[in-house]
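Colleague: below is the sequence, then the predicted model.
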Amino acid sequence: MLDTLINEIPGQDDTSSAYDYDLVVLGSGPAGQRAAIQAAKLGKHVAVIEKRAVVGGVCINTGTIPSKTLREAALHLSGFLHRNAYGSSYAVKTDITMQDLMVRTDHVIRTEIDVTHHQLRRNGVEVISASAAFSGAHTILLDFADGRGEREISTDKVVIAVGTECTRAADIPFDGKTIFTSDDILSLEEIPRSLAIIGAGVIGLEYATIFATLGVRVTLIDKRPTLLDFVDGEITDALAYLMRQHRVALRLGEGVESVRRCDDGNGPRVRIDLESGKQVFTQKALYSIGRTGATENLNLDAAGLTTDERGRLSVNDNYQTHVENIYAAGDVIGFPSLASTSMEQGRLASCHAFGESASSFAQLFPYGIYTIPEISVVGANEEELTRAGVPYEVGKAFYREIARGQIIGDHTGMLKILFHIETREVLGVSILGEGAAELIHIGQAVMAHKGTIDYFVDTVFNYPTLAECYKTAAFDGLNRLE
């Protein structure tokens, strides 16, 4: 459970009477939860301010958890993972609806909200449902959601963990139904026949592959000429190939000139004009051009804080802003904007705020990208090592060569290890395929302890498992050296 991951000093209680609270956390997403519980474990009087009626932030309510649950529901109901064995027409349910997908999604969201609320309450964290705005560096004005009016509270330390909201271009006529953002997907009434997605970042790619798995004709549009430039190029090339195999049209290197609704007598549609002169007609359009820090209504000026053009805050290595008592963590500080890293940032922010020694393997955070197929990476990729002039070799394993890959029907998966030619230290791991986000932690653990490629050769893995890919890739890499 979450409690076991937090630094604890039993019996410590140095609550100061100078303020109402030792720590006020703005936002109850992954960063806010960890920041609040860590401070509570240090004996501090903590409050979490959440403007929503429920805790969990974007992660639980509209972002990470819903999208990943939708993915699992789509994979199950479509029968996608079993088609290699039973044929391309196989499906658990032939006419899948949004209601079918939402049954599973709603259940998971409710459960996660309950678990989060219970963890906060069990640790003595006060949860206040209100909108918050700074009135000073140590004072916050609350506007209660239940109509009780306003109240000012004081606090020694603050952690800003308000997360982000979808970036919306002013010239696009969003209606939440025909032209919408990822925050609106849970309210869709039906699965569209065709969908254009503007923006091929992580969110855009995840939804592109989810809807394509459901049989939707997807067009993916992005100004950038390649997908996910922080991921190994061989992995993204393979993903692009597989997406095209599932009828996803990739319009890369294409800027969008205009987006508008139209009705030609066959119902409302969306027309997208590209800067190249191309036109895309689609039933619905998802706008996914990044996210903006949810800081607009915090009255940051009163606390002496400013943001960049995307509403994000700058912090130092201790997650401290330039205002001494105010810290920030999670998506609101920008890259990498992952729930996993946000949790760790929140924990570390509280530790640093109250002088508790804490550290983390920050340079080895893994990416989990829940496309279909899944992608996960840790460490360096080939392009980065080449630019840095690091002598490296590559070891690869393909799921189709592994018994477990045949059993689960994943013939396209791949695991790739990069290691130093001279020291044989593992420098990076990239995985494409089922279970990638789980498998990556084996490589992450070895890298954290400066392990070499020989570790995988000498280790016995369970059989049949996908983890055997590490041993196969290690042998492949060492054979290349010879």
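Modeller: Perfect, I can see it now. Model, not experiment: these values are computed from the prediction.

Colleague: give me the number of residues near the residue nearest to G124 when sequence neighbours are not counted?
Modeller: Of all residues not flanking G124 in the chain, A40 sits nearest, at 5.4 Å (CB to CB, 6 or more residues apart in numbering). Heads up, the C-betas are built off the backbone N, CA and C, glycines and all. Residues lying near A40 (other CB atoms under 10 Å) number 23.

Colleague: so which residue is smack in the middle of this protein?
Modeller: L338 (4.1 Å; CA atoms, centre = their mean).

Colleague: tell me how far that residue lies from I369.
Modeller: 10 Å (CB to CB, to the nearest Å).

Colleague: kindly report the same for E234.
Modeller: E234 is 15 Å from I369, by CB to CB.

Colleague: more neighbours: which of the two?
Modeller: Each of E234 and I369 has its neighbours counted (other CB under 10 Å); I369 has more, 25 against 17.

Colleague: give me the beta-bridge partners of the more buried one?
Modeller: Counting by DSSP bridges, I369 is bridged to I375.

Colleague: so it makes contact with I375?
Modeller: Yes: I369 is within contact range of I375, at 4.1 Å (criterion: CB atoms under 8 Å).

Colleague: got any residues that touch both of those two?
Modeller: Taking CB atoms under 8 Å, 6 or more residues apart in numbering as the contact rule, I369 and I375 both touch 228, 231.

Colleague: just how off-centre is the longest helix seen in the chain within its chain?
Modeller: Looking across the chain with DSSP state H, the single longest helix is helix 98-122. Centre-to-centre, helix 98-122 and its host chain are 18 Å apart (CA atoms, centre = their mean, to the nearest Å).

Colleague: what are the contacting residues of it?
Modeller: Contact with helix 98-122 is made by 1-3, 28, 33, 36-37, 48, 54-56, 60-61, 65-66, 69-70, 72-74, 77, 93, 127, 186, 188-191, as judged by CB under 8 Å, 6+ apart.

Colleague: can you select the buried ones from those in ChimeraX?
Modeller: Of the contacts of helix 98-122, the buried ones go into a single ChimeraX selection, burial set by 16 or more other CB atoms under 10 Å:
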select :2,28,33,36,37,48,54,55,56,60,61,65,66,69,70,73,74,77,127,186,188,191
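
Colleague: burial of the closest residue to S129 other than its chain neighbours, as a residue count?
Modeller: Leaving out its chain neighbours, the residue that sits closest to S129 by CB to CB, 6+ apart is A145, at 4.7 Å. Using other CB under 10 Å, A145 is surrounded by 14 other residues.

Colleague: and if you look at A403?
Modeller: Residues lying near A403 (other CB under 10 Å) number 13.

Colleague: where does the residue nearest to it when sequence neighbours are not counted land on pLDDT?
Modeller: Nearest residue to A403 in three dimensions, chain neighbours excluded: P464, at 3.7 Å (CB to CB, 6+ apart). Confidence at P464, expressed as pLDDT, is 97.

Colleague: check Y455 too.
Modeller: The per-residue pLDDT of Y455 was computed as 97.

Colleague: which ones are touching it?
Modeller: Going by CB under 8 Å, 6+ apart, the list of residues near Y455 reads 426, 446, 474.

Colleague: what about the stretch 251-400 of the chain, any weak spots by pLDDT?
Modeller: Applying pLDDT under 70 to the stretch 251-400 of the chain picks out residues 362.

Colleague: which parts of it are strands?
Modeller: 256-263, 268-274, 279-282, 284-287, 291-293, 326-328, 367-369, 375-379, 392-398 (DSSP state E, counting those that start in this stretch).

Colleague: neighbouring strands of the fifth one in the sheet, and parallel or not?
Modeller: When pairs are called by DSSP bridges, strand 291-293 turns out to pair with strand 164-166 (antiparallel).

Colleague: same question, the last one
Modeller: Applying DSSP bridges to the sheet, strand 392-398 is found paired with strand 414-420 (antiparallel).

Colleague: the helix or strand following the partner strand: how far from the chain's middle?
Modeller: Using DSSP states H and E, the next helix or strand after strand 414-420 towards the C-terminus is strand 426-432. On the basis of CA atoms, centre = their mean, strand 426-432 sits 19 Å off its chain's mean C-alpha point.

Colleague: show me what strand 426-432 is packed against.
Modeller: helix 233-245, strand 375-379, helix 382-388, strand 414-420, helix 436-448 (3 or more CB pairs under 8 Å, 6 or more residues apart in numbering; DSSP states H and E).

Colleague: now do that strand and helix 436-448, the angle between them.
Modeller: Going by axes from the mean of the first three to the mean of the last three CA atoms, to 10 degrees, strand 426-432 is angled at 180 degrees with respect to helix 436-448.

Colleague: need the contact partners of strand 426-432.
Modeller: 231-232, 234-235, 238-239, 373-381, 384-385, 390, 392, 412-420, 439-440, 443-444, 446-447, 451-453, 455, 469.

Colleague: with stretch 457-467 instead?
Modeller: Stretch 457-467 is contacted from outside by 399, 402-405, 407, 413, 433-435, 439, 442, 468, 470-471, 474-475, 478, using CB under 8 Å, 6+ apart.

Colleague: what's the PyMOL line that selects buried ones from those?
Modeller: Under the burial definition 16+ other CB under 10 Å, those of the contacts of stretch 457-467 that qualify are selected in PyMOL by:
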select buried, resi 399+402+404+405+413+433+434+435+439+442+468+470+471+474+478
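
Colleague: how about the residue nearest to S129, what does it touch?
Modeller: 51, 53, 129-131.

Colleague: in strands only, show me those.
Modeller: Using DSSP state E, the subset of the contacts of A145 located in strands is 129-131.

Colleague: okay, those residues in a markdown table with pLDDT, neighbour count and distance to R83 next?
Modeller: Shown next, in a markdown table, are these (pLDDT from 0 to 100; neighbours: other CB atoms under 10 Å; distance: CB to CB, whole Å):
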| residue | pLDDT | neighbour count | distance to R83 |
| --- | --- | --- | --- |
| S129 | 92 | 17 | 46 |
| A130 | 92 | 19 | 50 |
| S131 | 94 | 17 | 48 |
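
Colleague: can I get these in JSON lines with distance to V162?
Modeller: Below are these laid out as JSON lines (distance: CB to CB, whole Å):
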{"residue": "S129", "distance to V162": "14"}
{"residue": "A130", "distance to V162": "13"}
{"residue": "S131", "distance to V162": "11"}
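
Colleague: from these, which is closest to R244?
Modeller: S131 (45.4 Å; CB to CB).

Colleague: contacting residues for that closest one?
Modeller: 51, 142-143, 145, 297.

Colleague: please repeat the previous calculation with a cut-off of 7 Å.
Modeller: For S131, the contacting residues are 51, 143, 297, by CB atoms under 7 Å, 6 or more residues apart in numbering.

Colleague: that one bridge partners, please.
Modeller: Where S131 sits in a bridge, its partners, by DSSP bridges, are D143.

Colleague: ok, V25 next?
Modeller: Counting by DSSP bridges, V25 forms beta bridges with V48, V159.

Colleague: wait, it touches V159, no?
Modeller: Yes: assessed by CB atoms under 7 Å, V25 is found in contact with V159 at 4.7 Å.

Colleague: kindly provide the distance from the residue nearest to the centre of the chain to L214.
Modeller: 26 Å.
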